[in-house]
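*Asks:* A structural model of the following input is requested.
(2 chains)
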Amino acid sequence: MADIESIAQSVDSLKKHFESHRYICSTQIATAVYLAYHLKKPILIEGPPGVGKTELAKTTSEMLSLPMIRLQCYEGLDESKAIYEWKYGKQLLYTQVLKEALDEVLDGAKGFTESVKRLHEFGDIFFSEEFLEPRPLLKALREEDGCVLLIDEIDKSDHEFESLLLEILSDYQISVPEIGTVKAAKEPPMVFLTSNNTREISDALKRRCLHLYIPFPDVELEQKIIQARVPEVSASLRHQLVSFIQELRGLDLKKVPAISETIDWARTLLLLHADALDPELVRSTLNVILKFQEDIENVESELHSITAKIRK
Amino acid sequence: MDRTLSNFIRSLRMADVRVSTAETLDAVEAVELVGYKDRKFLKESLALVLPKTADEKEAFNACFEDFFKFEDVSGEQKSGQDNDHPDDPQDEQTGEGGEGGSSDRQADEPARDSKKKKSKAKKPNNNLYQEETEADLGPGPMGEPSSELAQLLMANSKVELSMAMAKAGEATDVREIQIFTQKGLYARRIMDQMGLADLNQEISELREQTAITERRLGQELKRRRDWLREQVRDYVERQFLLNADVTGRKLREELLRKVKLSNVEHRNFRLIQEIVYKMAKKLTTLHSRRKKVFKRGQLNVPRTLRRNMSYDGAIFDLHWKSVKIDRPKVFAICDVSGSVASYARFMLMFLYSLDEVMPKVRSFAFSSDLAEVTDLFNRNKIEDAIAKVLRDYSGGSTDYGQALVDFRKHCMEDVDNRTTIIMLGDARNNYGETHAEILKEMYDRSKRIIWLNPESRLSWNTGDSEMRKYSAYSHQVEECNSLMHLERVVGNLLRQIN
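*Replies:* Numbers count the residues shown, from 1 in each chain, chains lettered A, B, ... in the order given. Model prediction:
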């Protein structure tokens, strides 16, 4: 069990621990986690795809040795998949099995009213904890020692689902009509929400969260990331490939390469035993970093000038 | 509450960053946690709590740099606080420790004293401009300064000076500065407030002295006074940028919204465009909650079974696979002939910007012949699109009759009972055939026809205006010649559509 208290005591310590888990982050990111921990607030992370939004949550859970519970959002996600559902099969099975027992209970009861009265004495056993199937949100609240709750790609869910989240985000509790309000265990979960900004997140949700925008990293940070992730790549190649990617980001492309693409590319180059970038090598591996034919064609025409520029 | 923070939030709001009360409270908590000591840390923390979009973050950065320019932030915070809530019990709770408290009491006194002394000062202010230059006395021992401001200057403490400056700034309401010509005025007021009169008197008295130490002091004070004047000017400049620039802009935007579109000067087009965009954006966020109509599709067997298990397998709660349909359909027909050209530009601009809100806008432009410009809008940037439409279609003389005939020919089929048709035009038909019967047909087929006329109601039906005939077949006729009208009309429209 990691000592959360000491890891989260300062931004620098958080940053150091992230680094030891091979997640290189800016001070901004570490500050966000620091504030989220101390103010007990969820973080809404936005940014282009592939800059490490989901990775941040994963690394945090690893670093703090907390279990991670992940809720992947999609259109049509509703409370029966996110919060709880009744175990209908079990309920059905039990009623069948218990039919006889029920007969015994009702044995000798005169009339409808008395039968119902007797049944009432047994309470709502079929709608109790045993028949409740907790889904990610409820599970996260019930974790005794806290956990990391990742609500991934919140922008893909419906508008209504956002409203559903408001209660858990502001008060760390959920109301289940049949059971009552479930409050978080003594340590509330650390909540990370990620969004790719395919639609505007409502103000009500934003208001309850810290807002972290992760942009593409600058040359220096990206080099450090590559160094941490693909340490086998030589320093000169690392410098070249990062500058190349940075150049690409300046171009007008349909989808610019993100950090994950840079890492993939570094691995590819490693596999090909390359020690410097030349136009031919880049051309043959371009499909690792660019995902649209249109973009590839665009870049190919400028390959020579870009490679010449970064080799200087 | 923390006064510095609330001032900062005020300037954030000025810079179009939306900050709610809940977020303000979050910010207070964050500040309590991180304190004012580490400027970068403070900035990054607040950047997480206050701005919530990329645009807002940018505005926040600029605002923060301007606002927290003093090297010692805690100093400014303290002085600001003391001024307005001298007995604020929460004083101790704000991030800073006890040392801030004592230093600010010191700063408090000189300012208060100087206020008292100010009335006693006999010499006029402008005395300082009559001073002659004298030979530099060089470094060496100096006498003791007597007036409060002089002591402050000689103490060489930047922190206390900025505190005194901020304090004087508060007292003179520098935050109310509106236009740039006021800058000099405020700078002088702040200097006066800080005790300039006493200082000047002291300097001139010191000059009369015979002892070299005293004269040297006088010279030094004069030098520092000039330095201080520069500092104050900078301070006012920053306050102006923080508080007035945006207000000025707000003022201008406010005016532009109300002014008649035909009177908007060319140089303001860009600003208007921004306003239009902002309005559209606002309307988008208000109405983008897409209402879905669920159409019953096939039976959803797994879901039905699952849902009905609790009824012992008896299926009486059916679930369907649903099909979502986006509903609203809008046809916008815009007159771009000479008489309404100046309005048409804005109407087109607004239609273009609204594309996001109303997913199925089909736009048409005509002066005599009608043409669909939807594609042109989709393909081009806003400026190009509008320029092209105006170039291609605004030539001929107005003929509403012909336009309606064309409309019937091309798209009458597509008009159904969910369609809203917006007509933009002055209905001035050059005494030609009106073809109002086509409008009647449209009226019967569509859900609504809204006629927006840029002329004021008084001039409707005068001369060749056919408003009377056309309004008979419109569900709603509106005068629409300023952005405010436009916003209202479109807002209502969206409410009905959604």
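*Asks:* quick one, what contacts whatever residue of the stretch 251-400 of chain B ends up closest to chain A?
*Replies:* Here the stretch 251-400 of chain B gets closest to chain A at one residue, residue B:309, 3.5 Å apart by CB to the nearest CB. No exception for glycine: its C-beta is placed from N, CA and C like everyone else's. Counting by CB atoms under 8 Å, 6 or more residues apart in numbering or on different chains, residue B:309 makes contact with A:88, A:89, A:91, A:92.
*Asks:* ok, so of those, who is nearest residue B:39?
*Replies:* residue A:88 (58.1 Å; CB to CB).
*Asks:* The closest one is in contact with residue B:305, isn't it?
*Replies:* No - using CB atoms under 8 Å as the test, residue A:88 is too far from residue B:305 to be in contact (9.1 Å).
*Asks:* So between these two, which is more surrounded?
*Replies:* More crowded of residue A:88 and residue B:305, by other CB atoms under 10 Å in any protein chain shown: residue A:88, with 18 against 13.
*Asks:* The nearest residue to residue A:255 once chain neighbours are set aside: what secondary structure?
*Replies:* The shortest distance from residue A:255 to any residue other than its chain neighbours is 5.6 Å, reached at residue A:291 (CB to CB, 6 or more residues apart in numbering or on different chains). The three-state label given to residue A:291 by DSSP: H, G, I helix; E, B strand; the rest coil is coil.
*Asks:* And the pLDDT at residue B:324?
*Replies:* Looking at residue B:324, its pLDDT stands at 52.
*Asks:* repeat for residue B:81
*Replies:* Reading off the model, residue B:81 has pLDDT 39.
*Asks:* I'd assumed residue A:34 was in contact with residue A:8.
*Replies:* Yes - counting by CB under 8 Å, residue A:8 sits close enough to residue A:34 to count as a contact (6.4 Å).
*Asks:* out of those two, which sits in the busier spot?
*Replies:* Using other CB under 10 Å as the criterion, residue A:8 and residue A:34 rank with residue A:34 on top: 25 against 19.
*Asks:* low-confidence ranges in the stretch 101-250 of chain B?
*Replies:* Low-confidence segments of the stretch 101-250 of chain B (pLDDT under 70): B:101-141, B:143, B:178-180, B:241-250.
*Asks:* Near chain A, which residues of the stretch 51-200 of chain B are found?
*Replies:* Counting by CB under 8 Å from any CB of the partner chain, the stretch 51-200 of chain B comes close to chain A at B:51, B:52, B:53, B:54, B:57.
*Asks:* so who does the second one touch?
*Replies:* Read it as residue B:52. By CB under 8 Å, 6+ apart, the neighbours of residue B:52 are A:44, A:203, A:206, A:207, A:211, B:18.
*Asks:* Need the three-state assignment for it.
*Replies:* At residue B:52, secondary structure determined by three-state DSSP is coil.
*Asks:* near chain B, which residues of chain A show up?
*Replies:* Chain A has residues A:11, A:27-28, A:31-32, A:35, A:38-39, A:41, A:43-44, A:46, A:86, A:88-89, A:91-92, A:95, A:159, A:199-200, A:203, A:206-208, A:210-213 near chain B, with proximity defined as CB under 8 Å from any CB.
*Asks:* What subset of these is buried?
*Replies:* Those of the residues of chain A next to chain B that meet the buried threshold are A:11, A:28, A:31-32, A:35, A:39, A:41, A:43-44, A:46, A:86, A:88, A:91-92, A:206-208, A:210-213, by 16 or more other CB atoms under 10 Å in any protein chain shown.
*Asks:* Take these and keep only those in strands.
*Replies:* Counted as lying in strands by DSSP state E, out of those, are A:43, A:44, A:46, A:86, A:210, A:211, A:212, A:213.
*Asks:* Of those, which pair is most distant in space?
*Replies:* Longest distance between any two of those is 39.9 Å, between A:86 and A:213; criterion CB to CB.
*Asks:* how about the strands in chain A?
*Replies:* Remark: strands assigned in chain A by DSSP E are A:43-46, A:68-72, A:84-86, A:132-134, A:148-152, A:173-176, A:180-183, A:190-195, A:210-213.
*Asks:* er, chain B actually
*Replies:* For chain B, the strands defined by DSSP E cover B:293-299, B:320-325, B:329-335, B:361-366, B:370-372, B:419-424, B:448-453, B:476-479.
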